[in-house]
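A.B. asks: What shape does this take:
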Amino acid sequence: MILRNRLKERRAALNVNQQEMGQLCGVSRQTISLIERGDYSPSVNLALTIAKVCGVSVEDIFYLQEETENENAK
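C.D. replies: Purely as a prediction, here's the structure:
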């Protein structure tokens, strides 16, 4: 299973950039960028904070996706 997210879409709905989202969540712009790209899995605390800032549930932003055969071969 791979952790995926809809953070970029949620951030756009709030009309904030990565820097502003980072400030709202107490992290750096780089952390928001890493999460959006899928290169960093946030802690439970950070995931909950992001969801609260976005006004949605954690599941509305973060979800698990099944790995395909091609992804397993990497």
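
A.B. asks: Pretty sure L7 sits against I32.
C.D. replies: Yes: counting by CB atoms under 8 Å, L7 does reach I32; the two are 7.2 Å apart. Yep, even glycine has a C-beta here, placed from its N, CA and C like the rest.

A.B. asks: which of these two has more neighbours?
C.D. replies: Between L7 and I32, counted using other CB atoms under 10 Å, the more crowded position is I32 (26 against 23).

A.B. asks: Quickly list what's touching both of L7 and I32.
C.D. replies: M21 (CB atoms under 8 Å, 6 or more residues apart in numbering).

A.B. asks: ok, which stretches of this structure are helices?
C.D. replies: Under the criterion DSSP state H, helices of the chain are mapped to 7-14, 18-25, 29-37, 44-54, 58-61, 69-72.

A.B. asks: With mean pLDDT and distance to M1 as added columns, please give the ones you listed in a markdown table.
C.D. replies: Output for the helices of the chain, formatted as a markdown table (pLDDT from 0 to 100; distance: least, CB to CB, whole Å):
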| stretch | mean pLDDT | distance to M1 |
| --- | --- | --- |
| helix 7-14 | 97 | 18 |
| helix 18-25 | 98 | 24 |
| helix 29-37 | 98 | 17 |
| helix 44-54 | 98 | 15 |
| helix 58-61 | 97 | 14 |
| helix 69-72 | 57 | 11 |
